[in-house]
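*Asks:* Curious how this folds, go ahead:
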Amino acid sequence: MTSRPADDQRLRDLARLRRVKDRIDREYAQPLDVEALARDAHMSAGHLSRQFKLAYGEAPYSYLMTRRIERAMTLLRRGDLSVTEVCFAVGCSSLGTFSTRFTELVGISPSVYRRNEAKSVEGMPACVAKQVTRPIRNREAPAADPQLA
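*Replies:* Residues are numbered from 1 along each chain as shown. Got it, this is the predicted structure:
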């Protein structure tokens, strides 16, 4: 049987984790790191990472990168910004890291996505386009078949 103080602590931790998640959703384009998020949540970085992963299925940094890639996909579909402009607009400081992570999650490079995907959601309401094009963490794009390369 669980004790009442343990249940209360778990609820407080979940509330803190929700605030961290909400902050990442709001401030994804700002420089964020796990240390600062943990400090603001009054947790150690390790504890925050473990608890966040238990609650949401991925570590805080992975969640942040998924949010950034999701927003990048939207900006790239618009077609009025270059890949470099999108990279910096979503809070990434390295074009190489951005392109690598984008390709891992989406399955194609940002430049190919920008060129090809704008037409795929044409005429679709933005709320539907966001849902059907959302990058899916934990089911990352499969690696290319080495025999086909």
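*Asks:* Spatially central residue in this protein, please.
*Replies:* Thr66 (1.6 Å; C-alpha atoms, centre = their mean).
*Asks:* and the one helix or strand it maps to, what other elements does it pack with?
*Replies:* In the assignment (DSSP states H and E), Thr66 maps to helix 60-78. Applying 3 or more C-beta pairs under 8 Å, 6 or more residues apart in numbering; DSSP states H and E, we find helix 60-78 packed against helix 4-27, helix 34-40, helix 45-56, helix 83-89, helix 95-106, helix 110-117, helix 126-133. Every residue, glycine included, has its C-beta placed from N, CA and C.
*Asks:* And those helices: which comes nearest Glu70?
*Replies:* Evaluated over the helices and strands packed on helix 60-78, closeness to Glu70 peaks at helix 126-133, with 7.7 Å, by C-beta to C-beta.
*Asks:* How far does stretch 6-21 sit from its chain's centre?
*Replies:* Centroid separation for stretch 6-21 versus its chain: 21 Å, with C-alpha atoms, centre = their mean, to the nearest Å.
*Asks:* same check, this time on stretch 87-102
*Replies:* On C-alpha atoms, centre = their mean, the centre of stretch 87-102 falls 12 Å from that of its chain.
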